[in-house]
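Q: below are the sequence and a predicted model; questions follow.
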Amino acid sequence: MMRRVLICDDHPVIRDAIAVCLRAIAPDCDIGVAATARQALDRLGDPVPWDLVVLDLGLPDARGIDALTRVRARAPGAKVAVLSATEDRDTAERVLQAGAAAFVPKSTDRIALLESLKQLLGIAAAPVESDSPLPGSRPRDDDLVHEALSGMSPRQMQVLRMLMRGLPNKEICRELGLSENTVKIHIGAVLRALRARNRTEAVALASRVGFGAE
């Protein structure tokens, strides 16, 4: 099934990076681009409906919630993922309350962005926090765990430390000032990096190599 995605951001580098991610998960995806809210609204008037709009929160001609409101009114059947230069929880909550399907900080790493796009486009992906063991899986070697930890971003390591403290998602949101959706993205990235089936296994792997004890 071909999906249509409109990327609206005034920075060509951002548009290109998102397009690359989309091609990686949906090679036949029909991708449109826009640099302003006005261009996006014109594109959304196409007779063929769009499945997803990736919308920058800081467009030069329509900042903040205004752009989101106008896009949703123009294409009520499309999901809207909002890109933001900030991870501020209040901003995330306002965006989600205004009807966005996702709030994605521009600091999000590529793997987490891929996972978010998969979910938005309904592409099958391994569950992030399933407690069901995977057949044939084996604990990772310590060297591989160290390698995975060294490749994590500071935010991901911060989230992992909170998981090791046994904090639930809502408490992590409160302490970091992030939306629950953003926290879930970070947790998903941690689990994938460690190749852990769930947060319990992630904590066990990290503890085994002494992470968090320093």
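A: That came through fine.
Q: rest of the way, CA atoms for contacts and neighbours
A: Noted.
Q: need the contact partners of stretch 6-17.
A: Stretch 6-17 is contacted by residues 18-19, 31-37, 40, 50, 52-56, 59-60 when judged by CA atoms under 8 Å, 6 or more residues apart in numbering.
Q: give me the below-cutoff pLDDT ranges for the protein.
A: Scanning the chain for pLDDT under 70 picks out the ranges 1, 124-140, 213-214.
Q: which parts of it are strands?
A: Along the chain, the stretches classed as strands by DSSP state E are 4-8, 30-34, 52-56, 58-59, 62-63, 79-84, 102-105.
Q: chain center to the last one, what's the gap?
A: Taking CA atoms, centre = their mean, to the nearest Å, the mean C-alpha location of strand 102-105 is offset from the chain mean by 6 Å.
Q: please name the strands paired to it in the sheet, noting orientation.
A: strand 79-84 (parallel) (DSSP bridges).
Q: and the strand it pairs with, which residues are buried?
A: 79-84 (16 or more other CA atoms under 10 Å).
Q: picking that back up, among the contacts of stretch 6-17, the buried ones, what's the ChimeraX command?
A: Buried members of the contacts of stretch 6-17, defined by 16+ other CA under 10 Å, are picked up in ChimeraX with:
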select :18,19,31,32,33,34,35,36,37,40,50,52,53,54,55,56,59
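Q: the chain - how does it break down into domains?
A: Per the record, the chain has its domains at 4-121, 142-208, by automatic domain parsing.
Q: any residues touching stretch 30-38, and which ones?
A: Under CA under 8 Å, 6+ apart, the answer for stretch 30-38 is 2-11, 15, 19, 40, 43, 59-62, 67.
Q: distance between the ends of that stretch?
A: End-to-end distance for stretch 30-38: 20 Å, by CA to CA, to the nearest Å.
Q: break down this structure into its helices, ranges please.
A: Taking DSSP state H as the criterion, the chain carries its helices at 12-25, 37-43, 65-74, 89-97, 110-121, 142-150, 154-164, 169-176, 180-194, 199-208.
Q: list the buried residues of the second one.
A: By 16+ other CA under 10 Å, the buried positions in helix 37-43 come out as 37-38, 40-41, 43.
Q: make TSV out of those and add distance to residue 92.
A: Output for these, formatted as TSV (distance: CA to CA, whole Å):
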residue	distance to residue 92
37	20
38	23
40	21
41	23
43	26
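Q: farthest pair within those residues?
A: 37 and 43 (9.8 Å; CA to CA).
Q: rebuild the buried residues of strand 79-84 as JSON lines, extending it with distance to residue 173.
A: Listed next are those as JSON lines, based on distance: CA to CA, whole Å:
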{"residue": "79", "distance to residue 173": "24"}
{"residue": "80", "distance to residue 173": "22"}
{"residue": "81", "distance to residue 173": "19"}
{"residue": "82", "distance to residue 173": "18"}
{"residue": "83", "distance to residue 173": "18"}
{"residue": "84", "distance to residue 173": "17"}
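Q: closest to residue 199 out of the residues you listed?
A: residue 81 (25.7 Å).
Q: who touches that closest one in this structure?
A: With CA under 8 Å, 6+ apart, residue 81 has these contacts: 52-55, 100-104.
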